[in-house]
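[1] Pasting the sequence and the predicted coordinates here, then a few questions.
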Amino acid sequence: MKITGVVDLGVAIEARNLKKTYHTKKRKGLFRSETDVVEALRGVSFKVRHGEVVGLLGPNGAGKTTTVKILATLLIPNDGEAYVEGYSVTREAVEVRKRIGLLLTVEKGFYGKLTGRENLEYFGALYGLSSGELRERIVYLMKLLELDKLGAVDKLYEEYSLGMKARLGLARALLKDPPVLLLDEPTLGLDPPSARKIRGLVRELAKQGKAILYTTHNMFEAEIVCDRILLINKGVIVVEGTPQELKAKLPKLRTINILLRNGSPESLRKIVLEAGFKPDVETTSEGLLQVKVSVQNPEDVLGDLVKAIVGKGYDIVTLRISEPTLEDVFIYFSQTGG
Amino acid sequence: MSFKDIIVAEFRFVYADVFRRKAILFMFITYPYMLTAFVLLIGYSMGSASVFMERVGIDPAIFFIVAGFTLMAILGVGDDLLWRPLFDEWMGTLPYVMASPVSRIQHYLAIPIPRLILVLISGSTSVVPVLVYYYGLQGLFEGLAVIIMAGIASLMFVTLVMAIMGIVYGMGGENWRIINVLRPLFLILVGAYYPRYLMPLAGRIASWFIPSSHVIEAIHRMIAGLGGPIDILMLLGIATALFILYAPPGVKSIIYWEKSKMREGVNV
């Protein structure tokens, strides 16, 4: 059996104004307790289409995992509604469960005393696959994720490396060949070959028409894996778009990066400030001074900036104009809240 | 997905676990003997077998080997159900189990069956040899009857345990620790080691509400030769009635647990 799925640009996942508040009781002495209220989601709405990888990016506690759990029918929202393949996650949970593949964390989630194959057989049976179908599917997935090459098929799960665990987790998510995949930080802590394997496979699965919601902290990964990115912060989606669109939304687009050989950071900062720029000055590990100035049109101001620096006797080693990275976008919107 | 598929999945899980943990396999076979030896040692050091026979009506060796075996079957079912949510939470498997389209009720009904079958098979190494030693061929039949009735007693326990499990876990937090208190209480009240008719009134009343306790009384009557088939059938009837009575709260309780888990969020 192959990974199948018709390429369909219809909406596979839709979240409408999702809100979730957690109430946690904390003991304050023998008879007293206080309730902590945390607003995890404050009205999250988005869509994921078939054949699309949508990245959910945000700092810790932003609401990424809460969103994934709601879509996976593992958490009931306080307000709002979400649909997977047109089925409501709250009212038609069983139908939703038939259509999703889930990976929540790569570190655990399997039975240690069972082998990789036995674990997949167990979960496959819970997912409703017949034994013949299951056998065929396991062989295919073990090969696809190269678990057979790693000798992991009949190895106890408790003896797995993190990379093997991640691959087995993805194999489980793909067991019933679902049209929708919910992947929560699937490459977290992985060695580069395993991370690359998983990223490549995710792109391949999207090409085959699967709708994929992908959470990550890794900007590089988000840029290469995701078609669209939703930046979530404090329970709200602050900005969304393709990686290029997000970079274009930064108010100061490009950075002039100058490396200098001599002088003190304080006097350099003063010189650049006097020239009318807001610099970021630091000393590199090689003992050089580095000045970063973010501006809209570097070509228009570069002459003035260089003149101001060289005029005070500084020696320029290199000069580079760089495009903003997704990390800049992430930091900017996380700090400003959009 | 059929109930059979779920049972097959659970068989796979339990058997791989049991046969890879040799200590568990060893325990399955030796537990009734160890408990019998332990109780008899204490018993003989403080009293006499004849006094025991006078009061209980059965030879202490037979009584305790049957009690050890029956209790292992019943508590195995209880433990499998009561600890499974916690075990799945520790292993990080709970979200994947809950995100599967399987019926939660069917799943929890299937969970204790594989281990119960293993325990019942192990009866051939404990109850049967002892009864054959004492009663010859008749002992063989009695041994098989004890195994069947221990299976019934264990299954009769399922709906009550489901009802308790759902409520305990549904309450959330550390409330599951109540199980640590309930387990020894069941151990006493089920009447395997402590026949119901020797219990104080409060104990007798509490014991009456446990379906398995009636089956255990039926086993005691059978091996002691007290009462006829009508008495035994009546006891089985009461147990079945209680099993049916606890079924609706058992189902509701599991649904309550699932919903409360979904409200607080299933953690990995």
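    Received the coordinates, thanks.
[2] ok, now which ones touch residue 161?
    You didn't pick a chain, so chain A it is. Residues counted as contacts of residue A:161 (Cβ atoms under 8 Å, 6 or more residues apart in numbering or on different chains): none. C-beta: built from backbone N, CA, C; applies to glycine.
[3] sorry, should have said chain B
    B:77, B:78, B:81, B:82, B:250.
[4] SS state for it?
    Secondary structure, DSSP: H, G, I helix; E, B strand; the rest coil: residue B:161 is helix.
[5] Please, where are all the helices along the stretch 1-150 of chain A?
    A:64-71, A:93-99, A:116-126, A:131-144 (DSSP state H, counting those that start in this stretch).
[6] tell me which parts of chain B are close to chain A?
    Contacts of chain B with chain A, taken as Cβ under 8 Å from any Cβ of the partner chain, map to B:1, B:5-6, B:8-9, B:12-13, B:16-17, B:20-21, B:91-93, B:95-102, B:107, B:173, B:259, B:262-266, B:268.
[7] that older thread, can you say which of the helices of the stretch 1-150 of chain A is nearest to residue B:64?
    When these are compared by Cβ to Cβ, helix A:116-126 sits nearest residue B:64, at 37.0 Å.
[8] Can you say which of the helices of the stretch 1-150 of chain A is nearest to chain B?
    Comparing the helices of the stretch 1-150 of chain A against chain B with Cβ to the nearest Cβ, the closest turns out to be helix A:116-126 (3.4 Å).
[9] Summarise which helices and strands the closest one is packed against.
    helix A:131-144, helix A:162-174, helix B:3-20 (3 or more Cβ pairs under 8 Å, 6 or more residues apart in numbering or on different chains; DSSP states H and E).
[10] Comparing the ones you listed, which stretch has the densest surroundings?
    Mean neighbour count (mean count of other Cβ atoms under 10 Å in any protein chain shown) peaks for helix A:162-174 among the helices and strands packed on helix A:116-126, with a mean of 24.
[11] so who does residue B:20 touch?
    So residue B:20 contacts A:113, A:156 (Cβ under 8 Å, 6+ apart).
[12] can you do 10 Å?
    A:112, A:113, A:114, A:115, A:156, A:158 (Cβ atoms under 10 Å, 6 or more residues apart in numbering or on different chains).
[13] Can you narrow the residues you listed down to the ones near chain B?
    For chain B, the contacts drawn from those by Cβ under 10 Å from any Cβ of the partner chain are A:112, A:113, A:114, A:115, A:156, A:158.
[14] List the contacts of the residue lying closest to the fourth one once chain neighbours are set aside.
    Distance criterion Cβ to Cβ, 6 or more residues apart in numbering or on different chains; nearest residue to residue A:115, sequence neighbours excluded, is residue A:154 at 4.9 Å. Residues near residue A:154 by Cβ under 10 Å, 6+ apart: A:115, A:116, A:117, A:118, A:142, A:148.
[15] can we see that at 8 Å?
    Neighbours of residue A:154 in contact, by Cβ under 8 Å, 6+ apart: A:115, A:116, A:117.
[16] Over to it. Which of the three states is it?
    Applying three-state DSSP: residue A:154 is coil.
[17] Would you list the phi and psi of it?
    phi -110, psi 30 (degrees, to the nearest 10).
[18] thinking again about what came up before, from the residues of chain B next to chain A, which would you call buried?
    Buried by 16 or more other Cβ atoms under 10 Å in any protein chain shown: B:1, B:5-6, B:8-9, B:12-13, B:16-17, B:91-93, B:95-102, B:107, B:262-263, B:265-266, B:268, out of the residues of chain B next to chain A.
[19] shaky segments in the stretch 51-200 of chain B?
    Nowhere does the stretch 51-200 of chain B drop to pLDDT under 70.
[20] those helices in it, which residues are they?
    Secondary structure of the stretch 51-200 of chain B (DSSP H, counting those that start in this stretch): helices at B:60-91, B:94-98, B:104-110, B:113-122, B:127-135, B:137-156, B:158-170, B:178-189.
[21] For residue B:68, find the nearest of the helices of the stretch 1-150 of chain A.
    Ranking the helices of the stretch 1-150 of chain A by proximity to residue B:68 (Cβ to Cβ) places helix A:116-126 first, at 31.1 Å.
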